[in-house]
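S.K.: Sequence plus the predicted model coming up.
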Amino acid sequence: MKGGIRTKKGPKTQKKLARRKAFALFVKTLRSKKDDGRWMCCNEDFSDIVKVHKHVAMVHRDNIDKTANHIIQDFEVKGQSGRQEGNVSEDATMQHCSSTEIERPDDGCHDDEAFHYQLPTLEEIQDVETKEVPVDGQILLYYKYTDIDNPQEVCDWQENLCSKLKLTGKVRIAREGLNGTVGGSLQASQLYIKYTRLHASFSDMSLEDFKTSPGNVEDFPDGLRVTVHTEIVPMGVDPQQISYHQAGGHLTVDEFHDTLQKLNTDGNQDTVLVDCRNFYESKIGKFTSALAPNIRKFSYWPEYVEKNLHVFENKKVLMYCTGGIRCERGSAYLRSKSICKEVLQLKGGIHKYIEKYPNGYFRGKLFVFDERFAMPANSDVISECTYCRAAWDSYRPCTSKHCHQLVLSCRECRQRGRTACCEECQRIADDLSKDIESRKEEIHVREECSCTRLRDRIPVEKS
């Protein structure tokens, strides 16, 4: 490496050690001269070392970087005399970096961890706040499977980051990683990507990992929700039992497209193309010739696999979903059955595929989990109005207060008052509205209409 010192673990180790020392030195300068366990910084009095570390990590990044660079340069000078074959021993480097004792909080939030909870600068935040949220903003869809030791701290940081950037949407944090979709101005979304990638757990995320589409804060009417869960996408199986580390192999968009082209040409009976999404998603858009399970939730996927092992046995399985996240755990579960020849998944999901092949093998619209409900991929309409069977693919929520289904009701039918998910649901809503006071308990019962009762919870596919 030109102009740098190499330890036995390489320059990354040295940079990390230099940052540790720089962080410790900075914190030490803030300590009260009275040695009363207090620190002063930015006209603020701190008595909690954890809060000091987080404050320094979030606000004084530039100071830390400059000091770390000086330390690395100092390594260069002091290491010349003891360098053999271009290397300085790791022990010498460690000794040099640990000359100043680093204070560490009792709860495990070490300085090198806190350093990564960074937020935009005051100037960046003020620039976002002074601008009106444009109509033509941007929505981000992203995920990262990675081991996280402190999900609540990551959750607090993410909530703070999104709030400062005036982003809305949903972010899920778990010990297995991060999953989110947020919307706001173009500038805010770019800053979000920048600061999320500065965290050690997400530093290897590329710009390609953040899928973008037109939208804004209004596409998430419930505002911002950042929460900690057991899974970043709810499959209903403990990640320690079925881990993302067991996922199937990834195919790039081009590789997936070429494979489908060959599949559609040769009609290979040993290959199964399966949609990992819910039935209402595949109803308005899917890959041609794909098996689309008629399940309502991803948490039904394990049971679906168990009841349909005959579909996948001795087959090469190609899987896809919206952005790729469900395929990670979904393919891992399928592989755990040890019945398939091979399990592969589309990297980046449908979202990435239609960016490059809008007129490829995916036909219809891509369902999204915000107020847009769908993104157009091409001009094909593969679904129909629930009532008149006319071609229609624009979802709206069922207007019955007891129901949470989505409705495909065309413009003409909606004008006639057909706004519920089915005729039975419409009757239930009408009955409840007649005497609300005497039937309050019924209003809060779980929905029960032909949309749910007449469809098998877990379908069994034909051989």
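M.R.: Structure's in. What do you need?
S.K.: quick one: low-confidence ranges for the protein?
M.R.: Along the chain, the model assigns pLDDT under 70 to residues 1-13, 33-35, 74-116, 130-135, 429, 432-450, 453-454, 463.
S.K.: For the residue positioned nearest the centre of it, which non-adjacent residue is closest in space?
M.R.: By CA atoms, centre = their mean, the chain has its centre lying nearest to N179, at 2.1 Å. Spatial nearest neighbour of N179, excluding adjacent residues (CB to CB, 6 or more residues apart in numbering): I232 at 3.8 Å. In short, each C-beta sits where N, CA and C put it, glycine included.
S.K.: what's the burial count for that neighbour?
M.R.: Residues contacting I232 under the criterion other CB atoms under 10 Å number 27.
S.K.: Could you shift the numbering so residue one becomes 741, and keep it that way?
M.R.: With 741 as the first residue, the last one maps to I972.
S.K.: Spell out the secondary structure type for it.
M.R.: Per DSSP: H, G, I helix; E, B strand; the rest coil, the secondary structure class of I972 is coil.
S.K.: Looks like it contacts I1065 (just checking).
M.R.: Yes. Counting by CB atoms under 8 Å, I972 touches I1065, with 7.1 Å between them.
S.K.: Find the residues that touch each one of the two.
M.R.: Here I972 and I1065 share the contacting residues Y883, N919, scored by CB atoms under 8 Å, 6 or more residues apart in numbering.
S.K.: next SSE after the host helix or strand of the residue nearest to the centre of the chain?
M.R.: Under the criterion of DSSP states H and E, N919 resides in strand 917-924. Using DSSP H and E, the next helix or strand after strand 917-924 towards the C-terminus is helix 926-936.
S.K.: Go through that following helix and flag the buried ones.
M.R.: Using 16 or more other CB atoms under 10 Å as the test for burial, helix 926-936 gives Q927, A928, S929, Q930, L931, Y932, I933, Y935, T936.
S.K.: and the last one, what does it touch?
M.R.: In this structure, T936 makes contact with Q898, L901, L918, F942, M945, judged by CB under 8 Å, 6+ apart.
S.K.: rewinding a little: include distance to M1115 when you put the buried residues of helix 926-936 into CSV, please.
M.R.: Formatted as CSV, the buried residues of helix 926-936 follow (distance: CB to CB, whole Å):
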residue, distance to M1115
Q927, 22
A928, 20
S929, 16
Q930, 20
L931, 24
Y932, 20
I933, 20
Y935, 26
T936, 23
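S.K.: And these, which is closest to L859?
M.R.: Y935 (6.5 Å; CB to CB).
S.K.: if I look at that closest one, how far off is M798?
M.R.: 10 Å (CB to CB, to the nearest Å).
S.K.: Next secondary structure element downstream of the helix or strand where A758 lies?
M.R.: Secondary structure from DSSP H and E places A758 in helix 751-770. Note on helix 751-770: by DSSP H and E, the next helix or strand toward the C-terminus is strand 779-781.
S.K.: now what about that following strand, what contacts it?
M.R.: With contacts defined as CB under 8 Å, 6+ apart, strand 779-781 is touched by 767, 770-772, 785-787, 789, 792, 795-796, 799-800.
S.K.: All the helices of the stretch 741-890 of the chain, in order from the start?
M.R.: For the stretch 741-890 of the chain, the helices defined by DSSP state H, counting those that start in this stretch cover 751-770, 789-799, 801-819, 830-837, 851-854, 862-870.
S.K.: show me what contacts I1090?
M.R.: If you count contacts by CB under 8 Å, 6+ apart, then I1090 has G1025, Y1060, C1061, T1062, G1063, F1102, L1106, A1117 around it.
S.K.: From those, pick the one nearest E864.
M.R.: G1063 (27.0 Å).
S.K.: how many neighbours does the closest one have?
M.R.: Close neighbours of G1063, defined as other CB under 10 Å, add up to 23.
S.K.: Look up the closest residue to it, ignoring the ones flanking it.
M.R.: Closest to G1063 by CB to CB, 6+ apart is G1089, at 4.1 Å.
S.K.: per-domain residue ranges of the chain.
M.R.: According to automatic domain parsing, the chain comprises the domains 751-854, 862-968, 985-1107, 1131-1193.
S.K.: Go through stretch 755-771 and flag the buried ones.
M.R.: By 16+ other CB under 10 Å, the buried positions in stretch 755-771 come out as 756-767, 770-771.
S.K.: Make JSON lines out of those residues and add distance to G955.
M.R.: JSON lines is the format used below for those (distance: CB to CB, whole Å):
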{"residue": "K756", "distance to G955": "38"}
{"residue": "L757", "distance to G955": "42"}
{"residue": "A758", "distance to G955": "41"}
{"residue": "R759", "distance to G955": "37"}
{"residue": "R760", "distance to G955": "40"}
{"residue": "K761", "distance to G955": "44"}
{"residue": "A762", "distance to G955": "40"}
{"residue": "F763", "distance to G955": "38"}
{"residue": "A764", "distance to G955": "43"}
{"residue": "L765", "distance to G955": "44"}
{"residue": "F766", "distance to G955": "40"}
{"residue": "V767", "distance to G955": "41"}
{"residue": "L770", "distance to G955": "42"}
{"residue": "R771", "distance to G955": "47"}
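S.K.: Which one of these is nearest to T1011?
M.R.: Using CB to CB, K756 comes nearest to T1011 of the buried residues of stretch 755-771, at 45.4 Å.
S.K.: picking up where we left off before, okay, and the common contacts of Y935 and M798?
M.R.: Shared contacts of Y935 and M798, defined by CB under 8 Å, 6+ apart, comprise Q858, L859.
S.K.: circling back: just the closest of the buried residues of helix 926-936 to T908, please.
M.R.: Nearest to T908 among the buried residues of helix 926-936: A928, at 10.2 Å, using CB to CB.
S.K.: Would you enumerate the residues in contact with the nearest residue to that closest one once chain neighbours are set aside?
M.R.: Nearest residue to A928 in three dimensions, chain neighbours excluded: L905, at 4.1 Å (CB to CB, 6+ apart). With contact taken as CB under 8 Å, 6+ apart, L905 is in contact with P860, I865, V868, G924, A928, S929, L931, Y932.
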